[in-house]
Structures are given as structure tokens and as C-alpha cells.
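> Build me a structure from this.
(one chain, ligands or ions: 1)
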Amino acid sequence: MSTLRPSPIAPTVDFDKDGVQHGFLRLPYSRDDSAWGSVMIPICVIRNGNGPAALLTGGNHGDEYEGPLALYELARTLDPKTVSGTVIIVPAMNYPAFRAGTRTSPIDKGNMNRSFPGRPEGTVTEKIADYFQRELLPRADIVFDFHSGGRTLDFVPFCAAHTVPDKAQEQKAFAAVEAFSAPFSMRMTEIDAVGMYDTAAEEMGKVFVSTELGGGGTSRAETVRIARRGILNVLRHVGIASGAVEKGTTQWLDMPSGDCFAFAEDDGMIETMVDLGEPVEEGAVLARIHSTGRTGIAPREIRAKMSGMLAARHFPGLVKAGDCAAVVAVLVE
Ligand code: CA
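The predicted structure is shown next:
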């Protein structure tokens, strides 16, 4: 058993109580403007008797909006009479980052998705991660974490799961992805899976499903509609919400290797040569990076290492060496 100290976070909701509760995860945070202050992370629990539990999160990164837009609305509208089991909704998981509109926390620069398993005596971000790791994830049968591209990336809208060693667990996750019915469904590969919420949930044996629904530090009408319909579909698919899954057509995509990713090796101004969703041939120029310090310098080309479809791109007009410039995914029949 763990010898870790208890979490400092106190929930104002009772996870075992039927009905709808809107409350907070209250995390003490003493600071200049509030000596005995707290971070108040909004949480909603909707429960109707015994049954499976879903843990739904947005705002893992604070500058991604489809998840929070879908989940604040779901918390306001999901009727417990149509639920069997429990739905735990945390629309803005890294709440300080969400309030600041930034990917990471303004308090400690913590990237929630690199902070797992967290530490009860750590930074604010690590304390939130620890609470999810030890208190919330163990309650869940299915874990759904909304992502989008944030300020620096933009994606074709997809729902995603990872390949995991336990094939029964993997099959359940891909079935939930299919039920979400985004225009695209992805078998996802991570650049660096250490410290991720995804990995923490999957190692606990949970069915873990995620999304990338757009980006640029904003949302679009279409991607928010996809998010709202999709999360209800997943709850219906697992039998927690009543009603039939609203099926849409989805195109499966795969990220078979690290060759999917193209990284900038120069600073400069990026010129996208392929738009999201367009086909890509191996060797094709995905983007050009123009130096801006002087005129007369030829742009550097970023080429595709494999054929497929452009699934993601760098969003801002300026790029730095090391930035992810593009992601190519393979279409699967
Ligand atoms: Ca993200």
C-alpha cells in the first residue's frame, strides 16, 4: 500500500450520493492575495444508483475549449433520471491554467499531462494530478479526457485511443471511440507518454478515450457540436446515459510510427503547403520555414516522411526550432 500522505484536496461533493451536485475540489493555496486561500476546481457529480462510473475531463491543458464547452453544458443539462451509474465531470482539470487561458499553470508552470502520478506535497499542479491518480481514477470504469490543439497546434477533429498491452481493454477503448463518432477516429501514438494522465489511467486498467478536436486557442461551431454529441454518445454506448448512440460516419486513422511527426529545425515564419485533411505523399513538402532576419535567403523545407493525410499542423505564423510543424496520419479501411 502507498505510504503517501492524504491529498490536501477536499471535495465539496459526495461521490456516493444520488442526484446532481455542483461543487468544488478545494485545494488550499496560500499566496499574496489570499493568505488562507484555495483553488476552487469546479466539479459536478450526477449519480443514479449503482452502475458504471465515467470520469469526464476538459481543460487538462488550459487553452483548449471544446472539452470545457461540452462539459459545462453536460453538467447543466444531463438529467439524472436518464443516468444509471455515476458521471463525474471536471470541465477544467488544470483550473488555474484554464483561468489564465494558457496550456500550463500560471502558478507553477505545471503541464497537467506531464505531472502524473503527481505528489500530495508537490506543486499545485502535482497536487491536482495526485488527487486524480488516487481519488478519482480508481472510481472510474471509463475515463474521457478532451483535448484540442491549444494555441500552438490545430487538428482535424478526431476521437482517439492508444494501443495498450491488454487487448480487451484496448477493444473497449476503440469501441468507445467509434461510438463518439467524430469525423475521424485515431489509433494514437504519443511523442512522450511518461507522466501523462492517459498513461496513468491505462496502467490502472481503465478504458481511456481522448480527443483532438481543433485548436488555435479557440473553438469552432462544428467542433463544439462534435464534442457535445460525442460525449453523450460515449455515455450511451457504455450504458450510463439512456438513449441510442447517434452514429455518424468516421474515417479511422493510424499513427504507425514516429515518422508521423515533422519537427521544425529552424526558427522563422512558417508557410503551410498542405491544409488539414489533405492527402500527403512521402517526400512532399509539408511546410516551408522562411528566415526573416534578412532578405535573399531560400526557405527551408519540411518534408513528409510517410504518405497519408495531414492530421495536425503548427498554428501560429511564427515557428521555432523544435516545434511540431505537422503530423501525418495514415487512412485505415
Ligand atoms: Ca492538449
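> Near the ion, which residues of this structure are found?
Within the chain, the positions lying close to the ion (Cβ under 5 Å from the ion) are H61, H147. All C-beta spots, glycine's among them, are computed from the backbone N, C-alpha and C.
> What are the structural domain limits within the chain?
10-254, 258-331 (automatic domain parsing).
> now the strands for the stretch 101-250 of the chain?
Ranges of strands within the stretch 101-250 of the chain are 142-145, 153-155, 158-162, 184-188, 207-212, based on DSSP state E, counting those that start in this stretch.
> hey, which of these is tucked in deepest?
Among the strands of the stretch 101-250 of the chain, the stretch with the highest mean neighbour count (mean count of other Cβ atoms under 10 Å) is strand 207-212, at a mean of 28.
> Just want the angle from it to strand 184-188.
Angle, strand 207-212 to strand 184-188, by axes from the mean of the first three to the mean of the last three Cα atoms, to 10 degrees: 120 degrees.
> tell me, how many neighbours does S257 end up with?
11 (other Cβ atoms under 10 Å).
> now G101
Neighbourhood size, G101 [other Cβ under 10 Å]: 13.
> so what pLDDT did it get?
Listed pLDDT for G101 reads 98.
> Same question for H22.
For H22, the predicted pLDDT is 98.
> Confirm for me that it is in contact with C44.
Yes: the pair H22 / C44 is scored as a contact, 5.2 Å apart, by Cβ atoms under 8 Å.
> any shared contact partners between these two?
Common neighbours of H22 and C44, counting by Cβ atoms under 8 Å, 6 or more residues apart in numbering, are V13, A75.
> Which one's more surrounded, those two?
A side-by-side neighbour count of H22 and C44, using other Cβ under 10 Å, places C44 first with 21 against 14.
> State the distance from that one to T249.
C44 is 31 Å from T249, where distance means Cβ to Cβ, to the nearest Å.
> Repeat that for R103.
Distance from R103 to T249, counting by Cβ to Cβ: 32 Å.
> For R228, give me its contacts.
With Cβ under 8 Å, 6+ apart, R228 has these contacts: L69, A70, E73, L74.
> what helix or strand does the residue sitting furthest away from the middle of the chain sit in?
Farthest-out residue of the chain from its mean C-alpha position, per Cα atoms, centre = their mean: G296, at 41.7 Å. Assigned by DSSP states H and E, G296 falls within no helix or strand.
> Dihedrals phi and psi, it?
phi 90, psi 10 (degrees, to the nearest 10).
> Now do it, the pLDDT please.
pLDDT, G296: 97.
> Just give me the longest helix of the protein.
Counting by DSSP state H, the longest helix found in the chain is helix 221-237.
> Look at the residue in the stretch 101-250 of the chain that the ion sits nearest to and say how many residues are nearby.
When scored by Cβ to the ion, the stretch 101-250 of the chain has H147 as its residue closest to the ion, at 3.6 Å. Residues near H147, counting by other Cβ under 10 Å, number 25.
> Tell me the buried residues in the longest helix of the chain?
Under the neighbour-count criterion of 16 or more other Cβ atoms under 10 Å, helix 221-237 has 223-224, 226-237 buried.
> Mind jotting down where the helices sit in this structure?
Under DSSP H, the chain gives helices at 66-77, 95-100, 124-131, 167-180, 197-203, 221-237.
> So what touches the first one?
Contacting residues not belonging to helix 66-77 are listed as 22, 44, 46, 56-60, 87, 89-92, 98, 145-148, 211, 213-214, 219, 223-224, 226-228, 230-232 [Cβ under 8 Å, 6+ apart].
> contacting residues for the spatially most central residue of the chain?
Nearest to the mean C-alpha position of the chain, by Cα atoms, centre = their mean, lies H147 at 2.7 Å. Counting by Cβ under 8 Å, 6+ apart, H147 touches N60, H61, E64, G67, S210, T211, E212, L213.
> Pick out whichever of those sits closest to E178.
Nearest to E178, judged by Cβ to Cβ, of those is T211 at 13.3 Å.
> dump the residue contacts of the closest one.
66-67, 145-148, 157-160, 180, 182, 227, 230.
> and these, which two are the farthest apart?
Maximum distance among the contacts of T211 (Cβ to Cβ): 15.6 Å, for D145 and P157.
> So which residues make contact with the least confident helix or strand in the chain by mean pLDDT?
Scoring the helices and strands of the chain by mean pLDDT, DSSP states H and E places strand 184-188 at the bottom, with a mean of 94. Identification of contacts with strand 184-188 by Cβ under 8 Å, 6+ apart yields 156-163, 174, 177-178, 210, 212, 250-255, 311, 329, 332.
> Across the sheet, point out what pairs with A329.
Beta-bridge pairing for A329 (DSSP bridges): M309.
> I'd say it and L253 touch.
Yes: counting by Cβ under 8 Å, A329 does reach L253; the two are 4.0 Å apart.
> what's the overlap in contacts for the two?
By Cβ under 8 Å, 6+ apart, the residues touching both A329 and L253 are F184, M186, G308, M309, A311.
> Go through stretch 102-119 and flag the buried ones.
Quick answer for stretch 102-119 (16+ other Cβ under 10 Å): 102-105, 107, 110-113, 115-118.
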